[in-house]
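>>> Attaching a predicted model along with its sequence, questions to come.
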Amino acid sequence: MINGIWLGMILIGFVFAAVNGRMDAFTAAVFDGAKSGVTVSFGLISVLVFWMGIMRVAEDAGLLKKIAKVLGPVVSFLFPDVPKGHPAIGYILSNMSANLLGLGNAATPMGIKAMQELQTLNPDKETATPAMCTLLALNTASITLIPATLIAIRLNYGSSDPAAIVGTTLAATAVATLAAIAADRLCRRLALLRRPPGPPAARSGDSTRGNTPLPYSSLKG
Amino acid sequence: MITFIPLYAFTRKVPVYESFVEGAKDGFGTAIAIIPHLVGMLVAISVFRASGALDFLMGFIAPALKGIGVPPEVLPLGLLRPLTGTGSLAYTTDLISVHGPDSLIGMIASTIQGSTDTTLYVLTVYFGAVGIRNGRYALKVGLFSDIVGFIAAIAVCLLVFG
């Protein structure tokens, strides 16, 4: 799907540029886009380096394991195929809480770190696991408590009540998050159904972790 | 958090500085690893916008929205938001400065901008960092939740401020 969207955007862009006589703009846009890709990546270096350092300290101190133990039940509901006590859980939780607080900058490194931990559980390194898809779904919808940037902009333009959008944002993100979790669950099941039938041990009532022959499924009791 | 984590680690006899540097090393490599992914994605988005294709798409959907009482000015935001964070932030700022932060349009725009995340960016960065090529259904789920978030943001604002 990402292949289709990428190619589609470039082809449609090319056709429109040709029809509108904007070929100059098209070429300029190619290099603009490439440049901002590099700029954004470089801008991320400082944040990534710093937060990944802090997160390693937290991991070495055993903090992540502790958090994972306390909030584990929530995560094991959302990520049924990540074994209990796996370091990924700690990172997933810190990513979720950073998103909740609207700390966009801090959420990205933690999300990447969580992805890297999930990748260690992945039997096919080029294909996303269901857990990775769930993590993305939570991140794109991300419940937000304090939309700090927007409050600042509203203040800047003389709003009488800059924080008036806190309630509406929370409501909208809650709905979006529920939709994301539901859609993720549905896709997870459909993906399982589409696979060829697994070993006889996988019964129909066991659909969330039935016939995916992943090596870590044996870690679950 | 920035002070609590190292302090806590120190009491646990963790060599905090060495541990920090060890983890921080990963950050650099990760940032470099996502460059090709981001360049590819941002080029496509930039081309799509500059060619006028995005404007065309918006002109197509706007009249339909007007019919159900939704200000058409906020529509571009729904299309921009999953594609580009800075682009949609610029658009939101523009809407707020033209219509005022406390107008219905200003409220809706603020809520939309605050609610969903830049799906394509998140997908590119997260999957790019670990080298995933086949994202399975992740994009579908992300875009679906964007649509739901967009509709929910408008509905809540019409209800509360409308």
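Sure thing, it's come through.
>>> now the longest helix belonging to chain B, how far from the chain's geometric center?
Ranked by residue count and defined by DSSP state H, the top helix of chain B is helix B:138-161. The chain centre lies 13 Å from the centre of helix B:138-161; the measure is C-alpha atoms, centre = their mean, to the nearest Å.
>>> Are that helix and chain A in contact anywhere?
Yes. Applying C-beta under 8 Å from any C-beta of the partner chain, one finds helix B:138-161 touching chain A at B:138-142, B:144-146, B:148-149, B:152-153, B:156-157, B:160-161. (Each C-beta comes from the backbone N, C-alpha and C, glycine too.)
>>> Grab the most central residue of chain A for me.
A:L136 (2.4 Å; C-alpha atoms, centre = their mean).
>>> Which neighbouring elements make contact with the one helix or strand that one maps to?
A:L136 is part of helix A:130-141, with elements assigned from DSSP states H and E. In this structure, helix A:130-141 packs against helix A:87-100, helix A:104-120, helix A:165-194, helix B:119-130, helix B:138-161, with contacts taken as 3 or more C-beta pairs under 8 Å, 6 or more residues apart in numbering or on different chains; DSSP states H and E.
>>> Give me the contact list for the next helix or strand after it.
The helix or strand immediately downstream of helix A:130-141 is helix A:148-156, counting by DSSP H and E. The contact list for helix A:148-156 (C-beta atoms under 8 Å, 6 or more residues apart in numbering or on different chains) reads A:102, A:104, A:162-163, A:165-166, A:169, B:89, B:92-93, B:96, B:101, B:106, B:110, B:113-114.
>>> rewinding a little: as TSV, the helices and strands packed on helix A:130-141 with distance to B:F28 would be great.
Converted to TSV, the helices and strands packed on helix A:130-141 look like this (distance: least, C-beta to C-beta, whole Å):
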stretch	distance to B:F28
helix A:87-100	18
helix A:104-120	12
helix A:165-194	31
helix B:119-130	12
helix B:138-161	26
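>>> and B:P71, which of those helices is closest to it?
helix B:138-161 (8.8 Å; C-beta to C-beta).
>>> If you count neighbours, what's buried in that closest one?
B:138-146, B:148-158, B:161 (16 or more other C-beta atoms under 10 Å in any protein chain shown).
>>> Which strands or helices does that helix pack on?
Using 3+ C-beta pairs under 8 Å, 6+ apart: helix B:138-161 touches helix A:130-141, helix A:165-194, helix B:75-80, helix B:104-115, helix B:119-130.
>>> ok, now with 6 Å
For helix B:138-161, the contact count by 3 or more C-beta pairs under 6 Å, 6 or more residues apart in numbering or on different chains; DSSP states H and E identifies helix A:130-141, helix A:165-194, helix B:104-115 as packing neighbours.
>>> mean confidence for the longest one?
What that stands for is helix A:165-194. Across helix A:165-194, the average pLDDT comes to 90.
>>> follow-up on the earlier one: which among the contacts of helix A:148-156 end up buried?
A:102, A:104, A:162, A:165-166, A:169, B:89, B:92-93, B:96, B:101, B:106, B:110, B:113-114.
>>> Same question for A:P83, what's its three-state structure.
Here A:P83 is recorded as coil under DSSP: H, G, I helix; E, B strand; the rest coil.
>>> how many other residues sit next to it?
Using other C-beta atoms under 10 Å in any protein chain shown, A:P83 has 16 neighbouring residues.
>>> quick one: pLDDT of it?
Note for A:P83: predicted pLDDT of 88.
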